[in-house]
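Novice: Predicted model and sequence follow; I will ask about them next.
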Amino acid sequence: MKTENNNSKKQKSTFLVRELLLTEGPQSQASISRKTGLSPAMVNYVVKQLIELNAADIHWINGREGIVSLTSKTGRYISILVNLDKISGSLFVFESELKVDFEYIITQDCSQENNPDTVIKLLSGVLSKLNLSFNDISGLAISIVAPLDVESEAIISWSAGRLPGWRDIKIKSFFEDKFGSTVVVGNDANHSTLAEWTWGVGRGIEDFVYIACSKQIGGGIIINNHLYKGSNGMAAEFGHLIIDNVGPVCFCGCRGCLTTFISERAIIMNLSKSESYKNSLQEIISAAGEDDAACQRVLLEAGKDLGKALANIAKILSPGMVAIGGDLAAAGPLFFDSVIATIDEHNLGTVSQAIDFKTAKIVHQPEILGGLAALLAKKNQGISDLPDWIK
């Protein structure tokens, strides 16, 4: 009975140490002991066990103190992003610290090519070049640029027309049948949220909100250290918050959604009425930095529109932090100051003072990295910091 209690205590201690390293990153053993309440002897035991299992590393600062971090030295994972115009992804081979990026472009007149069978063909080609098969893969993550229904595992009907090749497909079941290994499927914004919360500015924040502003608008919510999807998977559809009920018609059928004001297409259309027409959001941001008054104006207005939405989100959720990601996050002080000023105006200082608003840290492949984070969590593995070969 005593042995069973000791084993249970060690298991609980291991869980506490892993959770701390996952949420707050690398720590000294003294810090782990202080934050978990475990004795130094127990912390030393757990760290040794994790190192023996190739689940942790220790970097010695001096002869007495070392920094412990979670790591993963086994597993082969694939994380892909299904976008409207392309399918892209990465293969992560932890044993050899190898990352292989790949993509397949979808032309406008061949939209039906964007389907699960194309993904299978693409992955088969990538794996065959490395003399690997589906059986060699530890897990597959799929991020898809569409809202997903939790129960049906399919794209929500009103959005399926944008990805007709995926309509009525039970995505998770389809790929589980093909791979026979762990499969996680998520909305692209939810996976981006996981990446930013795991390795970005959201690390250690129990209640966290992420919003991505690029071609589309999306986001995710972390509550009590767990991704919140809602009863049907539709939580955090920030792009469809209505900020003007007589505004432009959105593809969802409503008027005045945030997407119709601050998505790339919306900002370009707003600018097109001037003589300073640009082809992309990046061009607008660059021109604004060179004192193009029209480009500065549309970014200022986009900041105000986003600020209205975030003010309402803050009033409802009051998270510890809100991170702004996507292309607009690189627009600089003109945009960001406009966001913060509008939030303060609409909250009247009652809520926003306690919330930290920051630009996101994970700017390259956040959806794909978020899919990897979801897979590692599913496998009870983790990485405290992203190694250079993954970045």
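Specialist: Alright, I've got the coordinates. Numbering: from 1, shown residues only.
Novice: my guess is Ser159 is in a strand, correct?
Specialist: No. Applying DSSP: H, G, I helix; E, B strand; the rest coil, one finds Ser159 to be helix, outside a strand.
Novice: Measure how buried it is and give me the count.
Specialist: 17 (other Cβ atoms under 10 Å). Yep, even glycine has a C-beta here, placed from its N, CA and C like the rest.
Novice: ok, the closest residue to it other than its chain neighbours - how many residues close by?
Specialist: Closest residue to Ser159 apart from its sequence neighbours, by Cβ to Cβ, 6 or more residues apart in numbering: Ala146 at 4.8 Å. Using other Cβ under 10 Å, Ala146 has 19 other residues around it.
Novice: Surely Ala146 touches Trp166?
Specialist: Yes. At 7.5 Å, Ala146 and Trp166 qualify as touching, with contact defined as Cβ atoms under 8 Å.
Novice: Overlap of the contact sets of those two?
Specialist: Shared contacts of Ala146 and Trp166 (Cβ atoms under 8 Å, 6 or more residues apart in numbering): Ile155, Ala160.
Novice: what does stretch 334-341 contact?
Specialist: Residues outside stretch 334-341 that contact it (Cβ under 8 Å, 6+ apart): 288, 296, 299-304, 306-307, 310, 324, 328, 357, 359.
Novice: list the buried ones in that stretch?
Specialist: Leu334, Phe335, Phe336, Ser338, Val339 (16 or more other Cβ atoms under 10 Å).
Novice: Mind pulling the model confidence for the last one?
Specialist: Looking at Val339, its pLDDT is 93.
Novice: could you measure it against Leu127, distance?
Specialist: From Val339 across to Leu127, the span is 43 Å (Cβ to Cβ, to the nearest Å).
Novice: do the fourth one as well
Specialist: For Ser338, the distance to Leu127 equals 47 Å [Cβ to Cβ].
Novice: Assumed Tyr143 was part of a strand.
Specialist: That one is not Tyr; residue 143 is Ser. Yes. When three-state DSSP is applied, Ser143 is found to be in a strand.
Novice: could you measure it against Val322, distance?
Specialist: Taking Cβ to Cβ as the measure, Ser143 falls 21 Å from Val322.
Novice: Ok, Asn312 next?
Specialist: 12 Å.
Novice: which non-adjacent residue is nearest His191?
Specialist: Gly370 (3.1 Å).
Novice: let me fix that: Leu376
Specialist: Excluding the flanking residues, the one nearest Leu376 by Cβ to Cβ, 6+ apart is Gly382, at 5.5 Å.
Novice: Does the one you found belong to a helix, a strand or coil?
Specialist: Gly382 ends up coil, using three-state DSSP.
Novice: Need phi/psi at it.
Specialist: For Gly382, the backbone dihedrals (degrees, to the nearest 10) come out as phi -170, psi 160.
Novice: residues touching it, list them.
Specialist: By Cβ under 8 Å, 6+ apart, the contact set of Gly382 is Arg18, Leu21, Leu22, Ala55, Leu70, Ser72, Leu376.
Novice: Keep only those of these that are in strands.
Specialist: Leu70 (DSSP state E).
Novice: Could you single out the nearest of the contacts of Gly382 to Ala160?
Specialist: Leu376 (29.8 Å; Cβ to Cβ).
Novice: from memory that closest one sits against Ile390, does it?
Specialist: No. Using Cβ under 8 Å, Leu376 is not in contact with Ile390; the gap is 11.0 Å.
Novice: Those two: who's more crowded?
Specialist: Leu376 (23 against 18).
Novice: Roughly how far does that one sit from Asn279?
Specialist: 38 Å.
Novice: now do Ile243
Specialist: 26 Å.
Novice: Compare those two (neighbour count), which wins?
Specialist: A direct count of neighbours by other Cβ under 10 Å for Ile243 and Asn279 places Ile243 higher, at 18 against 8.
Novice: For the more buried one, list the residues it contacts.
Specialist: Gly256, Cys257, Leu258, Phe261, Asp305, Lys308, Ala309.
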